[in-house]
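**Student:** have a look at this fold, sequence not included:
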């Protein structure tokens with residue numbers, strides 16, 4: 001489904017819990033005395049947040065790996081597939097970059113790109129930046145010490161100690177994901193990563209090999225807007241909320257059955 005006609009909007013809300021400490025770097029190293037070298041991203045009030053693009057990227061990468069596994073095992077007869085940016089023969093952008101027909105561009109994209117988007121196609125999967133909940137952060141950061149390794153000797157490099165700032169475990173971030181005009185197959189694709197997030201199987205940020213970055217989606221609910229309740233939604237009326245776990249099971253079964 002394209003975006004020229006409204007078919008459905010699915011709004012997922014909940015809280016993202018840091019099961020282990022989290023480090024999403026700000027990309028700027030501090031030179032101030034007493035301040036961690038590698039700081040986390042912060043909003044204008046100095047509070048940590050998770051960029052929506054970071055979470056979306058993790059969900060997409062996990063989904064691509066699962067879809068490729070399904071394709072290799074022959075499940076769904078090859079109907080689902082994920083492109084490979086390093087392989088021109090199986091690359092959505094390379095296949096459609098010379099086309100100007102919108103429908104052709106959409107149809108020639110892989111199952112994952114149709115949901116998450118590409119440089120040639122708007123995504124149906126939008127993740128808003130995640131800010132800390134009102135009572136979800138104790139207003140402090142932990143630190144982790146590290147040392148750079150000399151590649152030649154395989155030992156610690158002299159004088160290259162560093163300190164990284166991390167968000168403590170049990171911090172809560174507000175999550176909102178908006179899905180637009182999903183077909184049943186699109187819902188299946190979206191459900192793969194979301195279910196993993198519910199089960200605490202995904203990691204975010206840096207230093208994940210040291211145990212950092214494990215997160216889990218909790219208190220997750222779904223609001224479904226379609227052509228039948230669109231007027232109520234536009235009028236600001238309350239839309240019933242459903243439990244996300246049950247909705248995801250339904251999406252998965254609709255395609256697998």
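**Tutor:** On my side now, so go ahead. Please read all numbers here as calculations on a predicted model, not as lab measurements.

**Student:** isn't residue 1 up against residue 187?
**Tutor:** No: if you go by CB atoms under 8 Å, residue 1 and residue 187 don't touch, sitting 11.1 Å apart. C-beta coordinates here come from the backbone N, C-alpha and C atoms, glycine included.

**Student:** look at these two and report which has more neighbours.
**Tutor:** Neighbours were counted for residue 1 and for residue 187 using other CB atoms under 10 Å; residue 187 has more, 21 against 15.

**Student:** how close does the nearest residue to the more buried one once chain neighbours are set aside get to residue 193?
**Tutor:** Once flanking residues are discounted, residue 187 sits nearest to residue 251: 4.0 Å by CB to CB, 6 or more residues apart in numbering. For residue 251, the distance to residue 193 equals 12 Å [CB to CB, to the nearest Å].

**Student:** try residue 83
**Tutor:** Residue 83 is 16 Å from residue 193, by CB to CB.

**Student:** same check, this time on residue 205
**Tutor:** 16 Å.

**Student:** kindly report the same for residue 53.
**Tutor:** When residue 53 is compared with residue 193 (using CB to CB), they lie 14 Å apart.

**Student:** for the two, indicate the residue with more neighbours.
**Tutor:** residue 193 (25 against 10).

**Student:** residues contacting the more buried one?
**Tutor:** 58-60, 62-63, 202 (CB atoms under 8 Å, 6 or more residues apart in numbering).

**Student:** now do residue 233
**Tutor:** Neighbours of residue 233 in contact, by CB under 8 Å, 6+ apart: 9, 225, 239.

**Student:** could you do residue 141 as well?
**Tutor:** Residue 141 sits in contact with 36, 40, 48, 165-168, where contact means CB under 8 Å, 6+ apart.

**Student:** related to what we said a few turns ago, would a markdown table of the contacts of residue 233 with neighbour count be doable?
**Tutor:** Output for the contacts of residue 233, formatted as a markdown table (neighbours: other CB atoms under 10 Å):
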| residue | neighbour count |
| --- | --- |
| 9 | 18 |
| 225 | 19 |
| 239 | 15 |
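
**Student:** now pLDDT, distance to residue 138 and secondary structure too, for those residues, in JSON lines please.
**Tutor:** As requested, the contacts of residue 233 are exported to JSON lines (pLDDT from 0 to 100; distance: CB to CB, whole Å; DSSP: H, G, I helix; E, B strand; the rest coil):
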{"residue": "9", "pLDDT": "97", "distance to residue 138": "35", "secondary structure": "strand"}
{"residue": "225", "pLDDT": "97", "distance to residue 138": "36", "secondary structure": "strand"}
{"residue": "239", "pLDDT": "95", "distance to residue 138": "33", "secondary structure": "coil"}
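
**Student:** closest one to residue 139 out of these, please.
**Tutor:** residue 239 (34.0 Å; CB to CB).

**Student:** secondary structure element for the closest residue to the closest one other than its chain neighbours?
**Tutor:** Take residue 239 and drop its neighbours on the chain: the residue closest to it by CB to CB, 6+ apart is residue 223, 4.5 Å away. Counting by DSSP states H and E, the element that carries residue 223 is strand 214-226.

**Student:** perfect, that will be all.
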